[in-house]
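Participant: here are the coordinates; sequence isn't available:
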Ligand SMILES: [Zn+2]
């Protein structure tokens, strides 16, 4: 085990609010902070961070713990790695004697890094060795020596076993080299170089340590681009090419440009766009986004003229939704990629292209509209369906509203139709926005209201007028009351059949009737208490939502939005204040 005193030292030097706040948008809520949970999809914040207790907890998915737990979960680390990361962050040198297991894992990783390092040195050597074929090619691609140096670009010769032999001479046997991903072992058990006759690009971790390689074929290889396979050091979905070289520039410009290949990233750096990174043979992932937002919350996707499209755009929407990042898109002219554009037309043309990006959401909608081609209603509705999962996961009510109006406009559909599509569909039905569970008293009130309705059908109009179903927690009881109140008038048969179809509700009702309701001294007064309790809970929750939106509006300094949110909050507070007057007087005398 790790040394307790050392762990405590790191803990004391670390503020959980700062650590969490770097990756999650926290809102002050009384003494604590609230946020949308980064560990499960949710629309209302149930994730809380307590500065006084230095812990976090999610009431939605139950995850919780101290700052170490958070780092382990968020960055997918084991405890020693989380401790190391936080110690480094706090500027505390490693001190604790590692366990044999720690040591073995660390040794293995160190050894793989060593192999990658040795490989990098070989590739660098071969770039200028022999006939200088690699260097000549690199220069022919417009890469000057400074860029070649900066990125550590190298060359893998065509021989087939040059690296196998070079590594063996340094004491690295093929199995180890294969574990590092630079050598492959064939079915016949023979080892050969993974990269042959290729320009090589070292792929590094954010600290700049080489963890893998990319290779651009010089000749007519089957695959123009080739990457190392995933290893213990290298995960494509979490790694961004060039990030360690771009970090400062990303912070300075407060934006990251993301391209699809390392040649493109290198070309952009060479042209003066030092805030560029590249994905490595995958689409952008949520892990990428979370990595990037430590440096800047604005992501600028740069698509090739012909590689853009609906799928890429929608996929990017899916991984950036609720991450609190602003994502914009630039599509290059047809037939161009960043490399060709920078070399063919120069940095100024590139800068001009980057000047007027489209917000990702608008871009995705426009692409879908383009594909639907203004055809009949059903094909437009079909196109719309690709966006619905994204819309459903939008955490912010205002954002969802914006989505609906924008989409309705773009697809020339009535707002109601978009809302209906959003509410229906194959995905789980979006419930009317409902407050989080609050336990016993509310369940009590909800059952009470349903029972009262069976006894006093004349209270139907009152319940319907005040939409009491909205105030219930989501669940079978809520669904039942929603369905009942959706009718024009109460059918007792309908209510009875619904109760019959939900034995768990009717069973519980029966129990409560026997134990409680049969003995109520003043059922009507109690009914009014129940209704007000439900209403109050819902309004309080709406009020907290409104306060959250107000803070967002304040942060965005959008005055129109700010005024609108203030107005909403005022209306809500009036409603809360007038709650005592919410009274059902009983049936009018017939
Ligand atoms: Zn959660």
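Facilitator: Great, that's in hand. Here the structure is a predicted model, which means the values were calculated and not measured.
Participant: Could you list the low-pLDDT ranges of the stretch 351-500 of the chain?
Facilitator: Where the stretch 351-500 of the chain drops to pLDDT under 70, the residues are 374-377, 395-396, 424-439.
Participant: can you do 50?
Facilitator: Filtered on pLDDT under 50, the stretch 351-500 of the chain yields the residue ranges 425-438.
Participant: What segments of it are helices?
Facilitator: Assigned by DSSP state H, counting those that start in this stretch, the stretch 351-500 of the chain shows helices spanning 360-372, 377-385, 388-393, 397-411, 415-423, 440-455, 460-465, 476-486, 492-501.
Participant: and of those helices, who's closest to the ion?
Facilitator: Closest approach to the ion among the helices of the stretch 351-500 of the chain (Cβ to the ion): helix 388-393, 13.6 Å. Quick note: C-beta positions are derived from backbone N, CA and C, even for glycine.
Participant: What residues sit buried inside that closest one?
Facilitator: By neighbour count, and taking 16 or more other Cβ atoms under 10 Å as the criterion, the buried residues in helix 388-393 are 388, 390, 391, 392, 393.
Participant: With residue 57 as the reference, measure out to the first one.
Facilitator: Right, residue 388. With distances defined as Cβ to Cβ, to the nearest Å, the gap from residue 388 to residue 57 amounts to 31 Å.
Participant: my read: residue 538 touches residue 470, true?
Facilitator: Yes. The pair formed by residue 538 and residue 470 meets the contact definition of Cβ atoms under 8 Å, at 6.3 Å.
Participant: The two - which one has more neighbours?
Facilitator: Between residue 538 and residue 470, counted using other Cβ atoms under 10 Å, the more crowded position is residue 538 (22 against 19).
Participant: Quickly find the element holding that one.
Facilitator: Under DSSP states H and E, the secondary-structure element containing residue 538 is helix 523-556.
Participant: Run through who's touching the following helix or strand past that helix.
Facilitator: On the C-terminal side of helix 523-556, the nearest following helix or strand under DSSP H and E is helix 559-577. By Cβ atoms under 8 Å, 6 or more residues apart in numbering, the list of residues contacting helix 559-577 from outside reads 398, 536, 539, 540, 542, 543, 546, 547, 549, 550, 553, 554.
Participant: In CSV, list those along with distance to residue 336 and neighbour count.
Facilitator: What follows is the contacts of helix 559-577, written out as CSV (distance: Cβ to Cβ, whole Å; neighbours: other Cβ atoms under 10 Å):
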residue, distance to residue 336, neighbour count
398, 37, 16
536, 60, 17
539, 55, 19
540, 55, 14
542, 50, 20
543, 52, 16
546, 47, 21
547, 48, 15
549, 41, 20
550, 45, 17
553, 40, 19
554, 42, 13
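Participant: give me the number of residues near the nearest residue to residue 484 once chain neighbours are set aside?
Facilitator: Nearest non-adjacent residue to residue 484, counting by Cβ to Cβ, 6 or more residues apart in numbering: residue 495, 5.7 Å away. Counted by other Cβ under 10 Å, the residues lying close to residue 495 total 20.
Participant: Wasn't residue 211 part of a strand?
Facilitator: Yes. Read with DSSP: H, G, I helix; E, B strand; the rest coil, residue 211 is one of the residues of a strand.
Participant: Surely it touches residue 203?
Facilitator: Yes. The criterion here is Cβ under 8 Å, and residue 211 meets it with residue 203 at 6.0 Å.
Participant: Find the residues that touch each one of these two.
Facilitator: Counting by Cβ under 8 Å, 6+ apart, the residues touching both residue 211 and residue 203 are 234, 239.
Participant: For residue 41, give its distance to the ion.
Facilitator: For residue 41, the distance to the ion equals 9 Å [Cβ to the ion, to the nearest Å].
Participant: cool, and residue 294?
Facilitator: Relative to the ion, residue 294 is positioned 21 Å away (Cβ to the ion).
Participant: quick one: that residue from residue 570, how far?
Facilitator: Per Cβ to Cβ, residue 294 is found 38 Å from residue 570.
Participant: dump the residue contacts of residue 215.
Facilitator: Residues counted as contacts of residue 215 (Cβ under 8 Å, 6+ apart) are 156, 194, 195, 198, 199, 200, 201, 225, 226, 227.
Participant: circling back: I'd like the buried residues of helix 388-393 laid out as a markdown table, including distance to the ion.
Facilitator: Compiled in a markdown table, the buried residues of helix 388-393 are given as follows (distance: Cβ to the ion, whole Å):
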| residue | distance to the ion |
| --- | --- |
| 388 | 23 |
| 390 | 19 |
| 391 | 21 |
| 392 | 17 |
| 393 | 14 |
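Participant: do stretch 20-30 and the ion meet?
Facilitator: No. Contact between stretch 20-30 and the ion, assessed by Cβ under 5 Å from the ion, is absent, since the two come no nearer than 11.0 Å.
Participant: How far does that stretch stretch from one end to the other?
Facilitator: Using Cα to Cα, to the nearest Å, the end-to-end distance of stretch 20-30 comes to 17 Å.
Participant: ok, so of the contacts of residue 215, who is nearest residue 270?
Facilitator: Looking at the contacts of residue 215 and their distance to residue 270, the nearest is residue 201, at 13.2 Å (Cβ to Cβ).
Participant: Go ahead and name everything in contact with the strand or helix carrying that closest one.
Facilitator: For residue 201, the enclosing helix or strand under DSSP H and E is strand 198-204. Strand 198-204 has contacts (Cβ under 8 Å, 6+ apart) with 116, 120, 123, 134, 137-138, 141, 151-156, 210-218, 221, 226-228, 234, 239, 241, 243-244, 262, 266, 280.
Participant: Just want the angle from the helix holding residue 538 to helix 559-577.
Facilitator: The directions of helix 523-556 and helix 559-577 differ by 160 degrees, with axes from the mean of the first three to the mean of the last three Cα atoms, to 10 degrees as the criterion.
Participant: Does helix 523-556 pack against any helices or strands, and if so which?
Facilitator: Identification of packing neighbours for helix 523-556 by 3 or more Cβ pairs under 8 Å, 6 or more residues apart in numbering; DSSP states H and E yields strand 27-29, helix 397-411, helix 440-455, helix 559-577.
Participant: 7 Å - rerun?
Facilitator: helix 440-455, helix 559-577 (3 or more Cβ pairs under 7 Å, 6 or more residues apart in numbering; DSSP states H and E).
Participant: out of these, nearest to residue 348?
Facilitator: Minimum separation from residue 348 across the helices and strands packed on helix 523-556 (Cβ to Cβ) falls at helix 559-577, 36.2 Å.
Participant: Centre of the chain to the closest one, how far?
Facilitator: 30 Å (Cα atoms, centre = their mean, to the nearest Å).
Participant: So which bits of the stretch 51-200 of the chain are right by the ion?
Facilitator: Within the stretch 51-200 of the chain, the positions adjacent to the ion are 58, 60, 61 by Cβ under 5 Å from the ion.
Participant: If we use 8 Å, what do you get?
Facilitator: 58, 59, 60, 61, 62, 63 (Cβ under 8 Å from the ion).
Participant: Excluding chain neighbours, what is closest to the fourth one?
Facilitator: If the residues on either side of it in the chain are set aside, residue 61 comes closest to residue 40, at 4.0 Å by Cβ to Cβ, 6+ apart.
Participant: Would you confirm that that neighbour contacts residue 47?
Facilitator: No. Distance between residue 40 and residue 47: 8.9 Å, which falls outside the contact criterion (Cβ atoms under 7 Å).
Participant: Tell me which of these two has more neighbours.
Facilitator: For residue 40 against residue 47, the residue with the higher neighbour count under other Cβ under 10 Å is residue 47, and the figures read 24 against 13.
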